[in-house]
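Novice: give me a model of this one.
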Amino acid sequence: MAASGKLASFRLPPLPTVGELIKLYNLRAEKQLSQNFLLDLKLTDKIVRQAGSLRDAHVCEVGPGPGGLTRSIVNAGAADVLVVEKDTRFIPGLKLLSEAAPGRLRIIHGDILTYRMDRGFPETISKPWEGDPPNLHIIGNLPFSVSTPLIIKWLENIANRTGPFIYGRTRLTLTFQKEVAERLTASTGSKQRSRLSIMAQYLCTVRNCFTIPGRAFVPKPEVDVGVVHFTPLVQPQIQQPFKLVEKVVRNIFQFRRKHCHKGVEKLFPEACRVELTQEMMQKADVDPTLRPTDLTIPQFRALADAYAHFCTHEPSLLSYEFREELRLKHLARQRNKPMDTFMDKPTGTPPSPH
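Specialist: Now for the predicted structure:
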């Protein structure tokens, strides 16, 4: 690996522009893959600056496509850039970039949703969770179709300190549809406040960096794009398992315009719904007439803690899903048979957990 002085001043040798590469390899953004290319290197440089200093850093770039953002990452002085690209058409152009930056650009032809990033970098870069973040960054201009499932997967990885977070509090700088970026960073009481706001903010410091107009992309998407930066918190704001938190938050936000107790009710089977909802709201000391968008993260923490208390006393509650109960009722009606024929015992009435 080159000395840091040399690396910091490294610039790629003259190469075909990204636009020329697209013509050279006859690359078209595939609409069904929600691909949009960013060709303006001033904008890709600006995205990379949001990550902080990349001098001598390890970087995983998600979905590099024709490599515009990749060039900016290499030019920012990153020592080791691992790109994960699913689409075979982009590999030749990325190889050209790799040859121009010997030993600094590794190409993985694969799907970021299944790629084992915990094996992608040397263990020596790891930092203790309580310390500073490692010199490892995840950066990506994500296709809209994968951006939300991917950030949910990474948030779960953060909660469990798995995947890219076995190295410590790895930072992420990612693009999303503007509306999704606004949801991720929405504050209490705002109309964009959503399940995504809570899930991201209880685990990370989340910053909406800037918005890129849709016209900067080829082809032009129908929406603008937001760049969002995430730094995992040393201590998550809710200390319950990710799946439990996600279930509570999802249920509450399914009735976003109604009082929050409506969503809480759906955490419990019908037979004990009213009693346990009342008990949970009292235990959490949360006003049942607040709207989901008005609940703070400490209030969600109190609700998750109260629900976890019930689940400890009645473990079958955790696997109870309101929509599944509806489906089984519908099935029972169709077959004109009593509900207990179809319902498993766990979705029956649990004893009141006192």
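Novice: how many neighbours does Arg291 have?
Specialist: As a burial measure, Arg291 scores 16 neighbours (other C-beta atoms under 10 Å). Placement of C-beta: from N, CA and C, glycine included.
Novice: again but with Gly168, I slipped
Specialist: Other residues lying near Gly168 total 21 when counted by other C-beta under 10 Å.
Novice: repeat for Gly103
Specialist: Close neighbours of Gly103, defined as other C-beta under 10 Å, add up to 10.
Novice: which SS state does it fall under?
Specialist: The local conformation at Gly103, judged by DSSP: H, G, I helix; E, B strand; the rest coil, is coil.
Novice: just to check, Pro298 is in contact with Tyr202?
Specialist: No - with contact defined as C-beta atoms under 8 Å, Pro298 does not count as touching Tyr202 (9.9 Å).
Novice: which one of these two has more residues nearby?
Specialist: Tyr202 (23 against 13).
Novice: what pLDDT does that one get?
Specialist: Listed pLDDT for Tyr202 reads 98.
Novice: likewise Lys191?
Specialist: For Lys191, the predicted pLDDT is 95.
Novice: now swap in Ala8 and tell me
Specialist: 45.
Novice: one more: Ala2?
Specialist: What the model reports as pLDDT for Ala2 is 44.
Novice: and what of Leu326?
Specialist: According to the prediction, Leu326 has pLDDT 73.
Novice: ok, the one 10 residues further on next?
Specialist: At Asn336, the pLDDT value in this model is 69.
Novice: Leu142 now?
Specialist: The model reports Leu142 with a pLDDT of 88.
Novice: what do Pro298 and Tyr202 both touch?
Specialist: Gln237 (C-beta atoms under 8 Å, 6 or more residues apart in numbering).
Novice: how near is Lys247 to Ala57?
Specialist: For Lys247, the distance to Ala57 equals 36 Å [C-beta to C-beta, to the nearest Å].
Novice: apologies, that question was intended for Tyr115.
Specialist: Taken as C-beta to C-beta, the span from Tyr115 to Ala57 is 19 Å.
Novice: what do you get for Trp129?
Specialist: 19 Å.
Novice: what segments of the stretch 51-200 of the chain are helices?
Specialist: Along the stretch 51-200 of the chain, the stretches classed as helices by DSSP state H, counting those that start in this stretch are 68-75, 91-100, 144-160, 178-185, 195-201.
Novice: so Ile252 sits against His261, correct?
Specialist: No - using C-beta under 8 Å, Ile252 is not in contact with His261, being 9.1 Å away.
Novice: more neighbours, those two?
Specialist: Ile252 (26 against 19).
Novice: tell me which element the more buried one falls in.
Specialist: Applying DSSP states H and E as the criterion places Ile252 in helix 242-253.
Novice: starting at the chain centroid, how far to that helix?
Specialist: Using C-alpha atoms, centre = their mean, to the nearest Å, the mean C-alpha position of helix 242-253 is found 15 Å from that of the whole chain.
Novice: would you put the C-alpha positions of the helix or strand in which Phe310 is found in PDB?
Specialist: Using DSSP H and E, Phe310 maps to helix 297-313. Extracted in PDB, the C-alpha atoms of helix 297-313 (Å, rounded to 0.1, in the frame of the first residue of the first chain):
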ATOM      1  CA  ILE A 297     -38.200   8.200  20.400                       C
ATOM      2  CA  PRO A 298     -38.200   8.000  24.300                       C
ATOM      3  CA  GLN A 299     -41.900   7.300  24.100                       C
ATOM      4  CA  PHE A 300     -41.300   4.500  21.500                       C
ATOM      5  CA  ARG A 301     -38.700   3.200  23.900                       C
ATOM      6  CA  ALA A 302     -41.200   3.100  26.800                       C
ATOM      7  CA  LEU A 303     -43.700   1.300  24.500                       C
ATOM      8  CA  ALA A 304     -41.100  -1.200  23.300                       C
ATOM      9  CA  ASP A 305     -40.000  -1.900  26.900                       C
ATOM     10  CA  ALA A 306     -43.700  -2.400  28.000                       C
ATOM     11  CA  TYR A 307     -44.300  -4.800  25.100                       C
ATOM     12  CA  ALA A 308     -41.100  -6.700  25.800                       C
ATOM     13  CA  HIS A 309     -42.300  -7.100  29.400                       C
ATOM     14  CA  PHE A 310     -45.600  -8.700  28.200                       C
ATOM     15  CA  CYS A 311     -43.600 -10.900  25.700                       C
ATOM     16  CA  THR A 312     -41.400 -12.200  28.600                       C
ATOM     17  CA  HIS A 313     -44.400 -13.400  30.400                       C
END
